[in-house]
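Q: Quick one, what's the 3D model for this:
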Amino acid sequence: MEADFVIVGAGSAGCAMAYRLSEAGASVLVIEHGGTDMGPFIQMPAALSYPMNMARYDWGYRSEPEPHLNNRRLACPRGKVIGGSSSINGMVYVRGHARDFDTWSEMGADGWSYADVLPYYKRMETWHDGGHGGDPQWRGTDGPLHVSRGPRENPLFQAFVDAGKQAGYEMTGDYNGEKQEGFGPMEQTVWKGRRWSAANAYLKPALQRDNCDIVRGLASRVVFESGRATGVELIRGGKPEVIRARREVVIAASSINSPKLLMLSGVGPAAHLAEHGIDVIADRPGVGANLQDHLELYIQQASKKPITLYKHWNLISKGIIGAQWLFTKTGLGASNQFESAAFIRSKPGVEYPDIQYHFLPIAVRYDGQAAAEGHGFQAHVGPMRSPSRGTVTLRSDKPEDAPLIRFNYMSHEQDWEDFRTCIRLTREIFGQAAFEPFAGKEIQPGADVQTDAELNGFIAEHAESAYHPCGTCRMGRADDKNAVVDPQGRVIGVDGLRVADSSVFPQITNGNLNAPSIMVGEKVSDHLLGKDALPKANDRPWIHPEWEASQR
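A: From the prediction side, this is the model:
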């Protein structure tokens, strides 16, 4: 089998590239180890806690014991299904802040400033404001990816926004538009009551074309001839097989699996490859380095009124919600229930938001375990720009073996200071008058957890990944020894091979990573096709005029 382009990974960026490359007339083969996304566990938005905990859909990765988090091994879900992690994630849609991309450019990712990437965000979106306002001139109107907002019918969603205003924070009608900073509605990749994954938005329409197809199998290595990638070896039915690329190979296998596949193929730190008996094609010490993620805490309050989702936390109610969704695609099942959000700054002197909130009208964990106390609500809160960095390395030279994932979470004092600030600011927000009719006792951390030492203990025991790993194949200039790909996504040191997914991020972006991952696929598609980049945008983002002197 052969095609013009062979893409490894039918995830967020891979699906976007399959769509754009086949749209342009090129033949595309997508290699995906996972299976179908059919079924309510993936397609029903409210069922989001199920697929990321199912071996059928998730690679099941966990970190190595994290020394600064009581040696806990944290979950690192990655999608093993068409749509990749966009088929198992929380469906929250955040572009990132304009300054994130300007920072990328400053770090050597030329052509990836906010002015460069905003046109690609517009191209990929069809935006629905849901009657909540926003910035239409900053948004897309005819892209494959539908972006919507939940109904915000539960009064707790508005209480969260009102409390933010009472605490002195900004309001924003569209954090993906001109002004990210503030409290307002959260956006989701949900359309007509269904999860609008990259598979639904991009891959399935692409597969309707004669020049795009998908191949099931485990990619085991990139095949090189005289320093040029000419294909991908995959294992199907226990046997190796080579899929040949007439033009280029693109790895879009996630920030965990992309560096793993590069190293298995001989591209990576030479000494590490030698440890596993792998012949070195290109010595790139940055492969697997620069691993970043967002951690978060759940700050939980008991509710004095029985208005939370806890009243539906039983088999009968879940069955009714599921049936309504199955037949009508409406009701509570049609939303991820993340319908209010906030981005704020932790202190004066921080130019743009470095703390994110997801608000949820139930006290519950991502794994679906509800709080024993009953009715409650919570804010997911965490810092956006941790200085901690980790690594992805090989466990062995066997492609079926999981890599070693070491995030090195909380390895800087700034991490602890930032998290303590997150807790204290959240308590202040929950203490505003807007929550007075609803807020009972604090479930966690609990009123007796107050000192720095007590808060540190809570953080060490309860901080969880927000599932935003990135950075392990960092983009930079070709003369940067730690860069893995150049600003067009080309792997430095070889020919005919690119990487396009969240692994190329030089620095983690604000918020959830699905949107910028898709944007990377959109933009690299143009580079693959040799097309001129879309014209730069002239829109200037809002920055708090008093940011140097004021926290809010």
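
Q: For Arg365, see how far away Ala271 is.
A: 40 Å (CB to CB, to the nearest Å). Any C-beta I mention is one placed from the backbone N, CA and C, and that applies to glycine too.

Q: Give the residue spans of the chain that score low on pLDDT.
A: 366-372 (pLDDT under 70).

Q: where along it do the helices fall?
A: For the chain, the helices defined by DSSP state H cover 12-23, 40-43, 98-106, 114-124, 155-166, 198, 204-207, 254-264, 270-275, 315-328, 413-430, 452-462, 514-528.

Q: And stretch 162-176, how far out from the chain middle?
A: Computed by CA atoms, centre = their mean, to the nearest Å, the chain-centroid distance of stretch 162-176 equals 23 Å.

Q: Of Ala271 and Arg365, which one has the most company?
A: Arg365 (13 against 10; other CB atoms under 10 Å).

Q: Show me what counts as buried in stretch 256-273.
A: For stretch 256-273, a neighbour-count test (16 or more other CB atoms under 10 Å) marks 256-269, 272-273 as buried.

Q: what about it, start to end distance?
A: 17 Å (CA to CA, to the nearest Å).

Q: Equivalent analysis for stretch 451-471, please.
A: First-to-last residue span, stretch 451-471, CA to CA: 34 Å.

Q: the strands in the stretch 151-300 of the chain, which residues?
A: According to DSSP state E, counting those that start in this stretch, the stretch 151-300 of the chain carries its strands in the segments 182-185, 187-188, 190-191, 194-195, 212-216, 218-225, 228-236, 239-251, 267-268, 282-283, 295-303.

Q: closest to Trp138 out of those?
A: strand 187-188 (12.5 Å; CB to CB).

Q: thinking again about what came up before, quick one: which of the buried residues of stretch 256-273 is nearest Ser346?
A: Closest to Ser346, out of all of these and judged by CB to CB, is Ile256, at 28.8 Å.

Q: Touching, the closest one and Leu404? I think so.
A: No: counting by CB atoms under 8 Å, Ile256 stays clear of Leu404, with 10.3 Å between them.

Q: residues shared between the contacts of the two?
A: The contact sets of Ile256 and Leu404 overlap at Val392 (CB atoms under 8 Å, 6 or more residues apart in numbering).

Q: where along the stretch 1-150 of the chain do the strands fall?
A: Going by DSSP E, counting those that start in this stretch, the stretch 1-150 of the chain shows strands at 2-8, 28-32, 61-62, 75-76, 125-127, 145-149.

Q: among those strands, which is nearest Ile42?
A: strand 28-32 (14.5 Å).

Q: Which strands or helices does that closest one pack on?
A: In terms of contacts (3 or more CB pairs under 8 Å, 6 or more residues apart in numbering; DSSP states H and E), strand 28-32 is packed against strand 2-8, helix 12-23, strand 212-216.

Q: Spit out the contact partners of the closest residue to Gln488 other than its chain neighbours.
A: Residue nearest to Gln488 in three dimensions, not counting chain neighbours: His527, with 4.1 Å by CB to CB, 6 or more residues apart in numbering. Going by CB under 8 Å, 6+ apart, His527 touches Gln488, Gly489, Arg498.

Q: and the nearest residue to Gly322 once chain neighbours are set aside, how many residues sit next to it?
A: Among residues not flanking Gly322 along the chain, Gly333 sits closest, at 6.1 Å (CB to CB, 6+ apart). Counted with other CB under 10 Å, the neighbours of Gly333 add up to 24.

Q: No more questions from me, cheers.
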